[in-house]
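Participant: A predicted structure for the sequence below; I have some questions about it.
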There are 2 protein chains.
Amino acid sequence: MKKKNAFYAQSGGVTAVINASACGVIETARKHKDKIGKVYAGRDGIIGALTEELIDTSKESARAIAALRHTPSGAFGSCRYKLKGLDENRAEYERLIEVFKAHNIGYFFYNGGGDSQDTTHKVSQISRELGYPITCIGIPKTVDNDLPFTDNCPGFGSVAKYVAVSIREAGFDVASMSRTSTKIFVLEVMGRHAGWIAAAGGLAAEKEGDAPHIILFPEVPFVQTKFLARVKACVKQYGYCAIVVSEGVRNRKGEFLAEAGGTDAFGHARLGGVAPVVAELIKSRLGYKHHWAVADYLQRAARHIASKRDVEQAYAVGKTAVEFALAGKNAVMTTIVRTSNSPYRWKIGEAKLSRVANVEKMMPASFITRDGFGITQRCRTYLSPLIQGEDYPPYKNGLPQYVQLKKVAVKKRLNTRFKL
Amino acid sequence: MKKKNAFYAQSGGVTAVINASACGVIETARKHKDKIGKVYAGRDGIIGALTEELIDTSKESARAIAALRHTPSGAFGSCRYKLKGLDENRAEYERLIEVFKAHNIGYFFYNGGGDSQDTTHKVSQISRELGYPITCIGIPKTVDNDLPFTDNCPGFGSVAKYVAVSIREAGFDVASMSRTSTKIFVLEVMGRHAGWIAAAGGLAAEKEGDAPHIILFPEVPFVQTKFLARVKACVKQYGYCAIVVSEGVRNRKGEFLAEAGGTDAFGHARLGGVAPVVAELIKSRLGYKHHWAVADYLQRAARHIASKRDVEQAYAVGKTAVEFALAGKNAVMTTIVRTSNSPYRWKIGEAKLSRVANVEKMMPASFITRDGFGITQRCRTYLSPLIQGEDYPPYKNGLPQYVQLKKVAVKKRLNTRFKL
């Protein structure tokens, strides 16, 4: 059998550690040159496969590939592009086969979240439906931690650590100023559908009175009176109140708080950002001086404070994806399996892509305290191992040294162009 | 002569390294027990002196005091409280003397920015005007970097590092997503009057095309058409545009952009935050998908990514303040003197409090590029040494271990209470 090349691509929102998975894939493939030819990366995810924009990773030095482990973002470019079903857009799949054939690609590694694993699943069906043999392995990634079957998602642990560290630091800040100045601090974090990231902020509070004092989850409808009463009680008891709010918090009508009215300087609907809404509500009703922050991309790009465990797991899901492919597995996603809580132990497992696609894992109700404003011990037990350890990038001139690859294009072999 | 006690307090907005200065003061005083009795810290700054709320730092272990070096915020509490002039409120000064006498305080160390050094200066005048002998030494601190006579201010280097690291990371993130998703990222940073912090973001751009592509300074009036043209050119050239905006940016009429109109969900004036205003302007005029972040307190509390040099200098200005007092100096502030750029060298100097008070150091015009959107080589030469080195705090369970002191109150000796 002629040795096949591999295709690897990154998909969806990038993370602080998705490149660690790329590093795992490429380094492992390089150890098996007898079985895997070159690893071609898709420029901007699956788009690179459709447009025949492939990057020849063999042109990158071992050192550059190793540096991916400590570089945030998607080194090959990512995309938000979901393949339609085979019935709806057969042309896309035929194009993929055309490109794969032209470049002798027999392995397909796709690194992404729920939508991306749906793509991986669809590509895996080509084999059967269109008669093109290809081994498809999904590699999990998402800061939202919402993939099923895997205990956690690479990318999440580092955001979790960033949020917990940040609210602890800001909490210390506000505590020291609260007597004569700011009494309220609101930190907005990601999580449109699930409160995993907001919950992670709760890890910073290790004893009574520690920040954050209140967490607002998308899972818990926002009730103004109850919330304000709690804020007031916190300020009375601790002198200040630190709040973590998920961008996805909704009121009882199911409307996002961030969009609950108002126009901006240009007469448009509000600019988004639930933190200012919550902060201003407190100010107007309780009169406390406030500050607010919106972490946005800083949280998912913060490789400087990545969780060491997250980096290890991100690398492992990439490495094992290649090993699975070589072992003849197909149409599966690598997963993280928790085998023990105390001490925390984990290993790599697998889940069928057919079962993974388009299933969102929500946060269990048992992870949120009865009052709706905090996390339970059970939640801590789950979250705490995921933020363990630091894995600092190298620095030069006071700044982290992240790698920018050469990204040498593979020569196109097709005369046809594909319109996205 | 009876051995005198010392008073130390923190004032104004806290920083990632003001406690390193406290550490320098207390550790150095402990080495001179023959000359300095106890160090009493004011609870919540000068307020603690007025209300006789003193904290006995001798009750804290050597280990706890050492941990101040890696703990952000103000460990003894800070305040925004400016003493009036002696003529305007003689009662305050008489109260201070009453408290200082009652606790045998002969040294006054005050750790803060411009307003605070004004307070230090006024207290130093008690000696002459009201006949109470006290040695007053100011210790500089401010993230705004706006104190005169000192080459830079402790606290600034760490914010500078945070901002440069953050925009580099977010820049990598957006670059990888820009083809099919976000093309614009706006990071709002502190700096109401001067662009020092925004300028620091510019350090992240080491070569053509690196983020940030545009910096908006308070020193440069915002001109919409010119700005939008630059944004468009960046997106065309690099595929995306990363922007650092200072909270203090104003339009040509001198109005803060953050307040340039609009009402929120509650019918109040806008909630503040210039980042969403800039982002939305780009969206409405150029149609690019955007994301924005507001770092707020996260930037000044971010001890986890503090500049090692900043920590060293913060410690040194505290340590030397005590040494100055013991050497008989009075009514001065310790300063940082740059003696060489290449290699960077510094030492501790001094400035008369009478000259420091109420003078704001602005950013030189030569630090901003002619187009108003970037920093010059001269600015880099100035800023770069200030972010050098990492000084990571210890971690436990994935979180930085910051110290919370016992803060044992000194027994009150006065029967009188002081109303603030």
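Facilitator: That came through fine. Predicted, not measured: the structure shown is a model, and the values here were computed from it.
Participant: every contact and neighbour count from this point should use C-alpha atoms.
Facilitator: Noted.
Participant: how far does stretch A:226-246 sit from its chain's centre?
Facilitator: Computed by C-alpha atoms, centre = their mean, to the nearest Å, the separation of stretch A:226-246 from the middle of its chain amounts to 29 Å.
Participant: show me what counts as buried in it.
Facilitator: For stretch A:226-246, a neighbour-count test (16 or more other C-alpha atoms under 10 Å in any protein chain shown) marks A:227-228, A:230-232, A:234-235, A:238-246 as buried.
Participant: what pLDDT does A:T263 get?
Facilitator: In this model, A:T263 is scored at 46, pLDDT.
Participant: cool, and A:V235?
Facilitator: A:V235 is assigned a predicted lDDT (pLDDT) of 98.
Participant: which secondary structure element is home to it?
Facilitator: A:V235 belongs to helix A:224-238 when assigned by DSSP states H and E.
Participant: keep only the buried residues of stretch A:226-246 that also lie close to chain B.
Facilitator: Checked against chain B using C-alpha under 8 Å from any C-alpha of the partner chain, the buried residues of stretch A:226-246 yield no neighbours at all.
Participant: which strands or helices does the helix holding A:V235 pack on?
Facilitator: strand A:241-246, helix A:274-286 (3 or more C-alpha pairs under 8 Å, 6 or more residues apart in numbering or on different chains; DSSP states H and E).
Participant: out of these, the one nearest B:K3 is which?
Facilitator: strand A:241-246 (41.8 Å; C-alpha to C-alpha).
Participant: where exactly do the helices run in chain A?
Facilitator: A:18-30, A:46-50, A:62-67, A:90-102, A:114-129, A:156-177, A:196-201, A:224-238, A:274-286, A:297-301, A:308-326, A:353-356, A:377-383 (DSSP state H).
Participant: so what's the gap between the shortest one and the chain middle?
Facilitator: With C-alpha atoms, centre = their mean as the basis, the distance from the averaged C-alpha position of helix A:353-356 to the chain average is 19 Å.
Participant: number of residues surrounding A:N5?
Facilitator: 20 (other C-alpha atoms under 10 Å in any protein chain shown).
Participant: that one and A:I139, how far apart?
Facilitator: 18 Å (C-alpha to C-alpha, to the nearest Å).
Participant: could you see whether chain B lies near the one helix or strand in chain A whose mean pLDDT sits lowest?
Facilitator: Least confident element among the helices and strands of chain A, by mean pLDDT, DSSP states H and E: helix A:114-129 (a mean of 88). No - on the criterion C-alpha under 8 Å from any C-alpha, helix A:114-129 is out of touch with chain B, staying 14.5 Å away.
Participant: got the CA positions of that helix in PDB?
Facilitator: Only the C-alpha atoms of helix A:114-129 are listed here, as PDB (Å, rounded to 0.1, in the frame of the first residue of the first chain):
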ATOM      1  CA  GLY A 114     -19.300  20.300  18.400                       C
ATOM      2  CA  ASP A 115     -19.900  21.800  15.000                       C
ATOM      3  CA  SER A 116     -16.500  20.700  13.900                       C
ATOM      4  CA  GLN A 117     -16.900  17.100  15.100                       C
ATOM      5  CA  ASP A 118     -20.100  17.100  13.000                       C
ATOM      6  CA  THR A 119     -17.900  18.000  10.000                       C
ATOM      7  CA  THR A 120     -15.400  15.200  11.000                       C
ATOM      8  CA  HIS A 121     -18.400  12.800  11.100                       C
ATOM      9  CA  LYS A 122     -19.600  13.900   7.700                       C
ATOM     10  CA  VAL A 123     -16.200  13.500   6.200                       C
ATOM     11  CA  SER A 124     -15.900  10.000   7.700                       C
ATOM     12  CA  GLN A 125     -19.100   9.100   5.800                       C
ATOM     13  CA  ILE A 126     -17.400   9.800   2.500                       C
ATOM     14  CA  SER A 127     -15.600   6.500   2.800                       C
ATOM     15  CA  ARG A 128     -18.800   4.600   2.700                       C
ATOM     16  CA  GLU A 129     -21.000   6.900   0.700                       C
END
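Participant: pull the residues that contact it.
Facilitator: Helix A:114-129 has contacts (C-alpha atoms under 8 Å, 6 or more residues apart in numbering or on different chains) with A:11-12, A:82-83, A:85-86, A:93, A:108-111, A:132-138, A:140, A:146-147, A:330-331, A:333, A:353-354, A:356-360.
Participant: what about the residues you listed, which are in strands?
Facilitator: If you go by DSSP state E, these have A:F108, A:F109, A:Y110, A:N111, A:T135, A:C136, A:I137, A:G138, A:P140, A:M333 in strands.
Participant: chain B versus the closest residue to the fifth one other than its chain neighbours, what's the distance?
Facilitator: Distance criterion C-alpha to C-alpha, 6 or more residues apart in numbering or on different chains; nearest residue to A:T135, sequence neighbours excluded, is A:Y107 at 4.8 Å. As for A:Y107, its distance to chain B is 23 Å (criterion: C-alpha to the nearest C-alpha, to the nearest Å).
Participant: pLDDT value on A:V359, please?
Facilitator: 83.
Participant: just the buried ones from the contacts of helix A:114-129?
Facilitator: Buried among those by 16+ other C-alpha under 10 Å: A:11-12, A:83, A:86, A:93, A:108-111, A:132-138, A:140, A:146-147, A:330-331, A:333, A:353-354, A:356-358, A:360.
Participant: farthest pair in the ones in strands among the contacts of helix A:114-129?
Facilitator: Of all pairs in the ones in strands among the contacts of helix A:114-129, the most separated under C-alpha to C-alpha is A:T135 and A:P140 at 16.4 Å.
Participant: who is A:V244 paired with across the strands?
Facilitator: A:V244 forms beta bridges with A:L187, A:I215, as assigned by DSSP bridges.
Participant: how about the contacts made by the residue of chain A most remote from its centre?
Facilitator: No residue in chain A sits farther from the centre than A:T180, which is 39.0 Å out by C-alpha atoms, centre = their mean. Contact partners of A:T180, counting by C-alpha under 8 Å, 6+ apart, are B:C79, B:R80, B:Y81.
Participant: please apply the same query to A:T182.
Facilitator: A:V174, A:Y240, A:Y288, A:K289, A:H290, A:H291.
Participant: give me the phi and psi angles of it.
Facilitator: phi -60, psi 130 (degrees, to the nearest 10).
Participant: just the pLDDT for it.
Facilitator: 94.
Participant: just for the stretch 251-400 of chain A, where's the confidence low?
Facilitator: The stretch 251-400 of chain A contains residues with pLDDT under 70 at A:260-272.
Participant: hmm, back to that, and the least confident helix or strand of chain A, how far from the chain's centre?
Facilitator: On the basis of C-alpha atoms, centre = their mean, helix A:114-129 sits 20 Å off its chain's mean C-alpha point.
Participant: next, the angle helix A:90-102 makes with that helix.
Facilitator: 70 degrees (axes from the mean of the first three to the mean of the last three C-alpha atoms, to 10 degrees).
Participant: okay, buried residues for helix A:114-129 please.
Facilitator: Neighbour counts over helix A:114-129 (16+ other C-alpha under 10 Å) mark A:114-126 as buried.
Participant: mind giving me JSON lines with these and columns for distance to B:A41?
Facilitator: Below are those laid out as JSON lines (distance: C-alpha to C-alpha, whole Å):
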{"residue": "A:G114", "distance to B:A41": "54"}
{"residue": "A:D115", "distance to B:A41": "56"}
{"residue": "A:S116", "distance to B:A41": "57"}
{"residue": "A:Q117", "distance to B:A41": "58"}
{"residue": "A:D118", "distance to B:A41": "60"}
{"residue": "A:T119", "distance to B:A41": "62"}
{"residue": "A:T120", "distance to B:A41": "62"}
{"residue": "A:H121", "distance to B:A41": "64"}
{"residue": "A:K122", "distance to B:A41": "66"}
{"residue": "A:V123", "distance to B:A41": "67"}
{"residue": "A:S124", "distance to B:A41": "67"}
{"residue": "A:Q125", "distance to B:A41": "70"}
{"residue": "A:I126", "distance to B:A41": "72"}
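Participant: still on that earlier bit, ok, what's across the strand from the residue nearest to A:T135?
Facilitator: A:A6, A:T135.
Participant: show me what contacts it?
Facilitator: A:Y107 makes contact with A:K4, A:N5, A:A6, A:F7, A:I134, A:T135, A:C136, A:I137, A:A325 under the criterion C-alpha under 8 Å, 6+ apart.
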